[in-house]
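Colleague: Give me a 3D structure for the following:
(2 chains)
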Protein chains: 2
Amino acid sequence: MTGRTMTQNIYDDPDFFQGYSQLDRSVLGLDGAAEWPALRRMLPDLRDHAVLDLGCGFGWFCRWAREQGAAQVRGIDVSEKMLARARAETSDPAIGYTQADLERLTLDLGSYDLVYSSLVLHYVADLPRLLAEVHKALVVGGWLICSVEHPIYTAPSLPVWGTNAAGRRIWPVDSYLEEGPRSTDWLVEGVIKQHRTVASYVNLLLRNGFVLTHVEEWGPSGAQIDARPELAQERDRPPFLLLAARR
Amino acid sequence: MTGRTMTQNIYDDPDFFQGYSQLDRSVLGLDGAAEWPALRRMLPDLRDHAVLDLGCGFGWFCRWAREQGAAQVRGIDVSEKMLARARAETSDPAIGYTQADLERLTLDLGSYDLVYSSLVLHYVADLPRLLAEVHKALVVGGWLICSVEHPIYTAPSLPVWGTNAAGRRIWPVDSYLEEGPRSTDWLVEGVIKQHRTVASYVNLLLRNGFVLTHVEEWGPSGAQIDARPELAQERDRPPFLLLAARR
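Modeller: The predicted model follows:
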């Protein structure tokens, strides 16, 4: 790793931003993300809560949290382009957006009831540091609810579907236990993600003093596959890992 | 599932028993199991503890636990053949062996400080029932330390190594989220194991009131690969999942 981390760059890359802006989750918001119903079920009641969204992007979750009754919501993102759109879409004074790099972010002690992060932590190289910061920033009993790309999804050196000897679709896992950066082509070439094992995510939480309360290896429901048959392959290897933990 | 479960049968199958008896872990005991050093690191101090081993096999762990100072050790297994050898290898009155089916086992309240189980729980169809029984049988603060075949290992419909488009060795994952029996050929044809996701193992523990303290997706160390180069592939997809939890 150099000091130039992905959190500082990729979402402000014009081609990446253009591609990302056209994804369902960018156009339709939370309902455009197939894993959102599962993530939503893991959230506590937000009424009167102070909420922090790490990697808030266009601010969909921040605005939703306010609709659920959150008292204060802060969204943090490294991308100025995303924050510009997030700021343009609300005039709610209880929502604040801050540009910051998650590799260096510092937070005030006991200042949040919920820290939320959707599909961002797999870009963070120094996750132990960030999780220690998050633990410190939560009130006792406060929640961390997050999703990351699933380690089975991020492990392969060549992450493309293949077939086995019987002709069945398979996901080609290798190097699962070799943690570290993986360069993949997603929207643009050479996007760097940090591959970690499931055990590393869980143990990082435990070592930082969190109590793990739920884990989900997300895959589409039967109804979701009926509506979008192309999702069926996501049951062969889960694309997302969802974690719930409490301070 | 029929009432005829694997825990009742496979280890007493003459061919299976013959094959199993020749494995390093049967001949050399705990030191013949590559994952033992990792599992051992997860164990608490056993001095004066009451210990239960679910699926004790030849009794290697039971005898070791006594050497570590455990006050009482009980080994449970479904296989009469394995228990016969286990009984023949000790005259220690503090070690007791019982034949029982883990699908139906009942345990006394608060009677153990440690419940241990090595590579057995993936044969158990009604794991929720068994884990509730184990939780009940532990003293408050007591430990469950167990290993199972890793879900990445048990998932595939055709669990044999393949190659990707670049010619690299890959493990062909499919059906990861489809839980249930998998028939594989290991020592004999048609051994039935229960495939569960990592999330299911963890959530079953949490739902039964355990606090998760450590997770390990076991793979060989560099020194182990130097000594046995054929182990290298186990870093491409972990063969074992190790779990530590407390009541």
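Colleague: going forward, measure contacts and count neighbours with C-alpha atoms only.
Modeller: OK.
Colleague: Can you name the residues in contact with the strand ranked longest in chain A?
Modeller: As assigned by DSSP state E, the longest strand anywhere in chain A is strand A:138-149. Outside strand A:138-149, the residues within contact range by C-alpha atoms under 8 Å, 6 or more residues apart in numbering or on different chains are A:39, A:42-44, A:109-122, A:239-247.
Colleague: got it, and stretch A:69-84?
Modeller: Outside stretch A:69-84, the residues touching it (C-alpha under 8 Å, 6+ apart) are A:7-9, A:11-12, A:46-59, A:62, A:65-66, A:94-102.
Colleague: again, only this time at 6 Å
Modeller: A:7-8, A:11-12, A:46-58, A:94-101 (C-alpha atoms under 6 Å, 6 or more residues apart in numbering or on different chains).
Colleague: so how far is chain B from the closest residue to A:T106 other than its chain neighbours?
Modeller: Excluding the flanking residues, the one nearest A:T106 by C-alpha to C-alpha, 6 or more residues apart in numbering or on different chains is A:E133, at 6.4 Å. A:E133 sits 20 Å away from chain B, going by C-alpha to the nearest C-alpha, to the nearest Å.
Colleague: Report pLDDT for the residue most central in space within chain A.
Modeller: Nearest to the mean C-alpha position of chain A, counting by C-alpha atoms, centre = their mean, stands A:L119 at 1.9 Å. Looking at A:L119, its pLDDT reads 97.
Colleague: What residues are bridge-paired with the nearest residue to it once chain neighbours are set aside?
Modeller: Leaving aside its chain neighbours, A:L119 sits nearest to A:V148 (4.5 Å; criterion: C-alpha to C-alpha, 6+ apart). Taking DSSP bridges as the rule, A:V148 bridges to A:L241.
Colleague: Show me what the mean pLDDT comes to for the longest strand of chain A.
Modeller: Computed over strand A:138-149, the average pLDDT equals 98.
Colleague: same check, this time on stretch A:97-107
Modeller: In the prediction, stretch A:97-107 has an average pLDDT of 97.
Colleague: Now the terminal residues of it, how far apart.
Modeller: One end of stretch A:97-107 to the other measures 14 Å (C-alpha to C-alpha, to the nearest Å).
Colleague: Near chain B, which residues of chain A are found?
Modeller: Counting by C-alpha under 6 Å from any C-alpha of the partner chain, the residues of chain A lying close to chain B are A:170-177, A:199, A:215-216, A:235-237.
Colleague: Any chance of the residues you listed in a markdown table with pLDDT and neighbour count as columns?
Modeller: Converted to a markdown table, those look like this (pLDDT from 0 to 100; neighbours: other C-alpha atoms under 10 Å in any protein chain shown):
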| residue | pLDDT | neighbour count |
| --- | --- | --- |
| A:I170 | 97 | 22 |
| A:W171 | 98 | 28 |
| A:P172 | 98 | 30 |
| A:V173 | 98 | 29 |
| A:D174 | 98 | 27 |
| A:S175 | 97 | 21 |
| A:Y176 | 98 | 26 |
| A:L177 | 98 | 23 |
| A:A199 | 98 | 20 |
| A:V215 | 98 | 24 |
| A:E216 | 98 | 22 |
| A:R235 | 97 | 19 |
| A:D236 | 98 | 20 |
| A:R237 | 97 | 27 |
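Colleague: quick one: which of those sit in strands?
Modeller: Per DSSP E, the residues of chain A next to chain B map to strands at A:I170, A:W171, A:P172, A:V173, A:V215, A:E216.
Colleague: that older thread, quick check: which element contains the residue nearest to A:T106?
Modeller: Counting by DSSP states H and E, the element that carries A:E133 is helix A:127-137.
Colleague: what sits up against that helix?
Modeller: So helix A:127-137 is contacted by A:L107, A:D108, A:L109, A:G110, A:S111, A:N208 (C-alpha under 6 Å, 6+ apart).
Colleague: Including secondary structure and neighbour count, could the residues you listed go into TSV?
Modeller: Putting the contacts of helix A:127-137 into TSV (DSSP: H, G, I helix; E, B strand; the rest coil; neighbours: other C-alpha atoms under 10 Å in any protein chain shown) gives the following:
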residue	secondary structure	neighbour count
A:L107	coil	14
A:D108	coil	11
A:L109	coil	13
A:G110	coil	14
A:S111	coil	17
A:N208	coil	17
